[in-house]
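Participant: I would like to see how this sequence folds:
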Amino acid sequence: MSLRSTLASAETTIAPGVYDALTASIAAEAGFKALYLTGAGIAYTKLGRPDIGLVSMMEVADTIAMIRDRVDLPVVVDADTGFGNALNVQRTIRLFERMGASAIQLEDQTTPKRCGHLTDKTVISTGEMVGKIKAALDARQSADTLIVARTDALAIEGMEAAIARAERYAEAGADVLFVEAPKSSEQLSAIAGRLASKRPLLANMVEGGSTPIHAASELGALGFKLVIFPGGIVRALAFAARAYYQSLAQAGSTKPFADRMLDFAGLNAMLGTADILANGARYAASDEEARA
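Facilitator: Now for the predicted structure:
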């Protein structure tokens, strides 16, 4: 089922954040119907840096390709500002679509952007963002590659301005709308009340961020169709990694941590190592062929 079809169904879809092929495969194994490739997650893990616009277009493209080689679920890709103006947006859309993106998210921040839950953001004009959305639509090869339009104007210009921007983005042809960083349940409800009839809505749940955490079922009842938890996996793994390294430094061994980690066999089982090696053996030369 395409992501467009999934969003047209009665269900609210959870797209957990992933940042590489390993996290994508683990999320797929858990039974999710879509994934969200988080630009913040790439910055956190590849660069060891915050989400402040440091990740490049090619770093995202390479990550899409690695994930697509491993899983076949729909992948929503965070394309930040499109990495430049409308022409840069078109190049980004063409590249990400070829790599295997199912949906591509563009935001109306200035460049360099920053995490939507950080302060001191700035936004481009509504007209410039409308041009970027139209450029993205013209560049995509398939109508099933969705364009997600995100506005960060709520924190800068207020609720009415943010909703007005989202309405303009819908008129420009965006397939999914995303008003970033509402600060209360009341603001979430207001956004859904004004926009849910226009396009499928995306809600972003950031642990410790501006928006109070809601369950997907609660957000679905309000009218949101797609719920992302983009950075949760990195926060969970960073928490576990800190405990692991502290334990190893203190004990000089991994034995005290053994009940909180996979062993060699467990990791290989999860990765499907035996099946991959068996598949490779099908193509191995026989003894006679090897001697020939």
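Participant: okay, and the helix or strand of the protein with the least pLDDT?
Facilitator: helix 287-291 (a mean of 67; mean pLDDT, DSSP states H and E).
Participant: now do the buried residues in stretch 31-42.
Facilitator: Buried residues in stretch 31-42, counted by 16 or more other CB atoms under 10 Å: 32, 34-42. For the C-beta atoms, the positions are set from N, CA and C on the backbone; glycine is no exception.
Participant: okay, how far is it across that stretch, tip to tip?
Facilitator: 23 Å (CA to CA, to the nearest Å).
Participant: pull the residues that contact that stretch.
Facilitator: 1, 3, 6, 13-19, 23-24, 27-28, 51, 55, 59-60, 63-64, 67, 71, 73-80, 101-102, 115, 226, 228-231, 233-234 (CB atoms under 8 Å, 6 or more residues apart in numbering).
Participant: now, those residues that are in helices?
Facilitator: 3, 6, 23-24, 27-28, 59-60, 63-64, 67, 233-234 (DSSP state H).
Participant: turn those into a markdown table, including neighbour count, distance to Q109 and pLDDT.
Facilitator: Formatted as a markdown table, the ones in helices among the contacts of stretch 31-42 follow (neighbours: other CB atoms under 10 Å; distance: CB to CB, whole Å; pLDDT from 0 to 100):
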| residue | neighbour count | distance to Q109 | pLDDT |
| --- | --- | --- | --- |
| L3 | 24 | 24 | 95 |
| T6 | 18 | 27 | 93 |
| T23 | 22 | 25 | 98 |
| A24 | 24 | 26 | 98 |
| A27 | 22 | 27 | 98 |
| A28 | 19 | 30 | 98 |
| E59 | 14 | 18 | 98 |
| V60 | 26 | 16 | 98 |
| T63 | 26 | 21 | 98 |
| I64 | 21 | 21 | 98 |
| I67 | 27 | 24 | 98 |
| I233 | 20 | 23 | 98 |
| V234 | 21 | 21 | 98 |
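Participant: ok, so of the residues you listed, who is nearest A174?
Facilitator: A174 has its nearest neighbour among those in L3, at 14.1 Å by CB to CB.
Participant: dihedrals phi and psi, the closest residue to the closest one other than its chain neighbours?
Facilitator: Leaving aside its sequence neighbours, L3 sits nearest to P74 (CB to CB, 6 or more residues apart in numbering; 4.0 Å). In terms of degrees, to the nearest 10, the main-chain angles of P74 are phi -60, psi 140.
Participant: which intervals of the stretch 151-292 of the chain have sub-threshold pLDDT?
Facilitator: Applying pLDDT under 70 to the stretch 151-292 of the chain picks out residues 287-292.
Participant: how about the helices in it?
Facilitator: 154-157, 159-172, 185-195, 216-222, 232-251, 264-271, 273-281, 287-291 (DSSP state H, counting those that start in this stretch).
Participant: could those be laid out in TSV, adding distance to Q141?
Facilitator: Output for those, formatted as TSV (distance: least, CB to CB, whole Å):
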stretch	distance to Q141
helix 154-157	32
helix 159-172	19
helix 185-195	28
helix 216-222	31
helix 232-251	30
helix 264-271	33
helix 273-281	31
helix 287-291	42
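Participant: of the ones you listed, which is nearest K132?
Facilitator: Judging those by CB to CB, what sits closest to K132 is helix 159-172, at 8.9 Å.
Participant: so which elements touch that closest one?
Facilitator: helix 126-139, strand 146-151, strand 176-179, helix 185-195 (3 or more CB pairs under 8 Å, 6 or more residues apart in numbering; DSSP states H and E).
Participant: of those, which is nearest E97?
Facilitator: Comparing the helices and strands packed on helix 159-172 by CB to CB, helix 126-139 comes nearest, at 8.1 Å.
Participant: the closest one vs helix 159-172, what angle?
Facilitator: Per axes from the mean of the first three to the mean of the last three CA atoms, to 10 degrees, the angle that helix 126-139 makes with helix 159-172 is 30 degrees.
Participant: could you shift the numbering so residue one becomes 885, and keep it that way?
Facilitator: With 885 as the first residue, the last one maps to helix 1010-1023.
Participant: what packs against helix 1010-1023?
Facilitator: Short answer (3+ CB pairs under 8 Å, 6+ apart): helix 1010-1023 packs on helix 970-983, strand 987-991, strand 1030-1035, helix 1043-1056.
Participant: what are the phi and psi values at A927?
Facilitator: Per-residue torsions, A927: phi -60, psi -40 (degrees, to the nearest 10).
Participant: now do it, the pLDDT please.
Facilitator: Note on A927: pLDDT of 98.
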